[in-house]
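Asker: Give me the fold of what follows.
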Amino acid sequence: MYKKYEMELAGKTLRVDVDRVGKQANGAVLIHYGDTVVLSTATAAKEPRDGIDFFPLSVEYNEKMYAVGKIPGGFNKREGKASENAVLTCRVIDRPMRPLFPKDFRNDVTLESLVLSVDPDCRPELTAMLGSAIATSISDIPFDGPCATTQVGLINDHLVFNPSAAQLSVSDMNLTVASTKYKVIMIEAGANQVPEEKMLEAIFEAHKVNQKVIEFIDKIVEECGKPKFEYKSYAVPEELFEDIKSVIPPETMEEAVFTDDKQTREKNIDAFKEQLKERYADNEEWLSFLGDALYQYQKKTVRKMILKDHKRPDGRALDQIRPLAAEVDIIPRVHGSAMFTRGQTQICDIVTLAPLSESQRIDGLDDYITEKRYMHHYNFPSYSVGETKVSRGPGRREIGHGALAERALTPVLPSKEDFPYAIRAVSETFESNGSTSMGSTCASCMSLMAAGVPIKAPVAGISCGLVTGETDDDFVLLTDIQGLEDFFGDMDFKVAGTKEGITAIQMDIKIHGLTDEIIKGAIARTREARFFILDECMLKAIPAPRETVNEYAPKIVSMQIDPEKIGDVIGQKGKMINTIIEENDVKIDIDDDGMVSVCGINQEGIDNAVKTINLIVEPVESGKTYVGEVVRIMPFGAFVQITPIKDGMIHISKLSKERVEKVEDVVDIGDVVKVKVLDTREGKVSLALMEVVEKA
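Answerer: Presented below is the predicted three-dimensional model:
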């Protein structure tokens with residue numbers, strides 16, 4: 001008989017079934033949140049993986065379309081590669097849990113969540129986060145948990161915990177906070193220029209909710225938890241450290257790593273490595289630890305100098321940003337381009353504008369997100385860090401960085417009614433040495449402005465680092481961390497936003513959580529840095545969005561028509577709309593609500609197409625004048641096509657003030673004439689030649 005545990009969480013029932021399914025995994029739970037059901041498992045290899053110097057953790061989040069009563073689209077009616085949402089969910093599960101595993105643990109561990117059912121009121125991503133934490137906590141895998149996760153929305157200035165899909169669609173904030181029993185361990189947010197004070201309030205309130213969940217998990221672990229198994233430690237032998245220090249004294253290591261040039265530092269370390277390889281050529285055990293030992297020696301050296309002497313590797317002050325540079329229009333013929341450089345981090349961003357029909361269609365578990373108008377893609381080639389590696393498409397890191405920049409900029413984009421374009425921004429990493437995702441945000445903002453996208457406010461982003469000591473109040477915050485400070489530090493706290501507030505946060509840490517003071521300090525430090533980057537760099541390169549789109553970008557005119565008139569514009573079998581498209585060299589999109597977008601390169605063609613559509617949808621009224629073509633002649637009058645779908649008749653008596661014997665004496669088929677509507681009774685349109693009306 002399986003065990004069942006329940007608690008009320010944000011007004012809904014959270015239920016955990018233990019020993020019901022997946023019993024051969026090290027840990028497994030069937031977790032229910034409302035009607036959302038996820039199977040979360042944690043499995044570890046029995047032996048460590050040879051030849052690695054890192055903890056091999058894999059996280060999988062499997063979305064199944066049956067969970068929302070759908071069959072996958074396309075020819076292959078089976079789920080394919082993970083969606084972007086699944087990849088991002090894996091990253092959010094990974095980030096708070098990875099620091100809680102032992103640093104010297106080398107056994108493969110896989111955390112897998114299978115989404116079985118989705119209740120729109122209970123997010124499956126959140127359910128999977130909780131499930132992974134519980135499955136690992138009750139397993140025999142070494143893990144210093146538990147941890148818990150809460151999502152927060154902001155609706156009408158009120159915080160909403162674990163909001164539903166419908167609530168998220170109208171929320172000004174989508175915040176995810178993970179905590180241990182004592183501290184916040186992960187933050188991720190997208191926000192509509194939310195003030196720093198409100199964001200801090202939401203973070204701390206979410207931490208309080210997490211404590212209730214952790215109490216619940218502790219009860220499950222107490223009754224169902226397995227003893228943690230013993231594992232082979234891969235800690236570097238202390239004797240090796242001491243011997244390396246005798247060859248490379250601390251002051252020599254300081255000289256090697258304290259430089260603002262990444263390549264110089266790497267050459268110095270490579271020289272040490274070759275020297276030590278020769279020294280330990282006959283000691284196979286020490287050779288196997290050499291890479292990790294040198295890494296930790298550098299780490300201890302850098303951390304000591306920062307924490308005790310407040311000295312950074314490149315000589316900057318703790319709150320100093322590296323040299324900045326920005327320029328726009330560096331790529332010809334594209335719709336918008338900009339390059340942003342911060343130290344040895346350099347990003348070039350290119351914006352492409354297209355009709356709304358080019359928006360990305362999304363076939364996922366969310367009914368309220370079916371398409372994406374703004375797409376931000378990030379690329380990280382190996383040459384940007386001086387390495388050689390074959391590119392095999394974007395990995396989870398690239399997808400995550402692109403999503404972060406996208407989240408940062410989406411709140412300031414104009415509505416599709418004001419700017420009826422699909423927008424794609426592509427960030428190419430030319431050079432990388434710390435926080436390319438925030439560099440991508442800055443470059444993309446300028447590129448959007450250069451493309452003529454009327455954003456509501458400019459956005460900048462920056463990362464704040466951290467080095468901690470033995471006590472909670474012994475820490476140093478670092479503005480604008482470079483790669484070395486990221487690798488050897490304890491935190492990468494990325495914040496993007498405008499001068500009004502925050503639009504995105506992503507926080508990664510390597511320790512067991514942050515105190516309130518560290519979080520407050522990081523938020524304040526990044527705010528100051530954002531303002532500096534905007535005023536001293538970005539807005540000097542381009543102070544405001546261009547008033548018009550680039551000459552090579554398509555021009556789009558939007559108009560609203562009566563939805564009942566859509567059929568008239570399309571015509572039988574699409575004949576009418578295709579004729580307008582071909583004659584004017586434009587592209588036309590019409591949605592179900594009657595929003596029409598006319599797109600083209602030639603403004604005259606766009607204007608003619610809009611004029612034609614207006615003629616179709618506007619009612620023919622008495623007193624209006626038209627220019628039309630004579631299409632048929634009868635003994636009693638001439639028929640004139642005054643709109644693409646409407647003809648009117650000029651009675652022979654209205655062709656001239658004089659008596660007319662034959663209609664052909666005045667007009668012939670194919671003549672273009674100016675007419676005035678006299679009457680529209682019973683759907684019949686009576687016309688008169690304009691010159692006859694004017695003479696009257």
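Asker: most centrally placed residue in this protein?
Answerer: For the chain, the residue nearest the mean C-alpha position is Ala403 (2.4 Å; Cα atoms, centre = their mean).
Asker: quick one: it is in a helix?
Answerer: Yes: assignment of Ala403 by DSSP: H, G, I helix; E, B strand; the rest coil places it within a helix.
Asker: how near is it to Gly27?
Answerer: 29 Å (Cβ to Cβ, to the nearest Å). For the C-beta atoms, the positions are set from N, CA and C on the backbone; glycine is no exception.
Asker: List the contacts of the residue nearest to the centre of the chain.
Answerer: 84, 88, 376 (Cβ atoms under 8 Å, 6 or more residues apart in numbering).
Asker: go on, Leu678?
Answerer: 622, 654, 686-688.
Asker: now do Arg373
Answerer: Counting by Cβ under 8 Å, 6+ apart, Arg373 touches 356, 359-360, 413, 416, 422-423.
Asker: Tell me the pLDDT of it.
Answerer: Per-residue confidence for Arg373 comes out at a pLDDT of 93.
Asker: quick one, phi/psi of it?
Answerer: phi -80, psi -30 (degrees, to the nearest 10).
Asker: cool, Gly628 as well?
Answerer: Backbone torsions for Gly628, taken as degrees, to the nearest 10, come to phi -140, psi 170.
Asker: Please apply the same query to the one 10 residues further on.
Answerer: In this entry, Ala638 is assigned phi and psi values of phi -120, psi 140 (degrees, to the nearest 10).
Asker: pLDDT score for it?
Answerer: 95.
Asker: My guess is it contacts Val663. True?
Answerer: Yes: the pair Ala638 / Val663 is scored as a contact, 5.4 Å apart, by Cβ atoms under 8 Å.
Asker: Common neighbours of the two, please.
Answerer: The contact lists of Ala638 and Val663 share Leu655, where a contact means Cβ under 8 Å, 6+ apart.
Asker: What's the first helix or strand after whichever strand in the chain runs longest?
Answerer: Looking across the chain with DSSP state E, the single longest strand is strand 36-48. Next helix or strand after strand 36-48 toward the C-terminus (DSSP states H and E): strand 57-62.
Asker: Name the strands paired with that following strand and say parallel or antiparallel.
Answerer: Using DSSP bridges, the strands paired with strand 57-62 are strand 107-117 (parallel).
Asker: Export the strand it pairs with to CSV, keeping only CA atoms.
Answerer: Output in CSV follows, covering the C-alpha atoms of strand 107-117 (Å, rounded to 0.1, in the frame of the first residue of the first chain):
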residue,chain,number,x,y,z
ASN,A,107,28.0,9.5,-10.0
ASP,A,108,25.6,10.2,-12.8
VAL,A,109,22.3,11.5,-11.5
THR,A,110,19.1,12.0,-13.6
LEU,A,111,16.1,13.9,-12.4
GLU,A,112,13.1,13.2,-14.7
SER,A,113,9.6,14.6,-14.7
LEU,A,114,6.8,13.2,-16.8
VAL,A,115,3.8,15.4,-17.2
LEU,A,116,0.7,13.2,-17.2
SER,A,117,-2.1,15.7,-16.8
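Asker: starting at the chain centroid, how far to the lengthiest helix in the chain?
Answerer: Longest helix in the chain, counting residues (DSSP state H): helix 196-224. Put simply, helix 196-224 sits 26 Å off its chain's centre (Cα atoms, centre = their mean, to the nearest Å).
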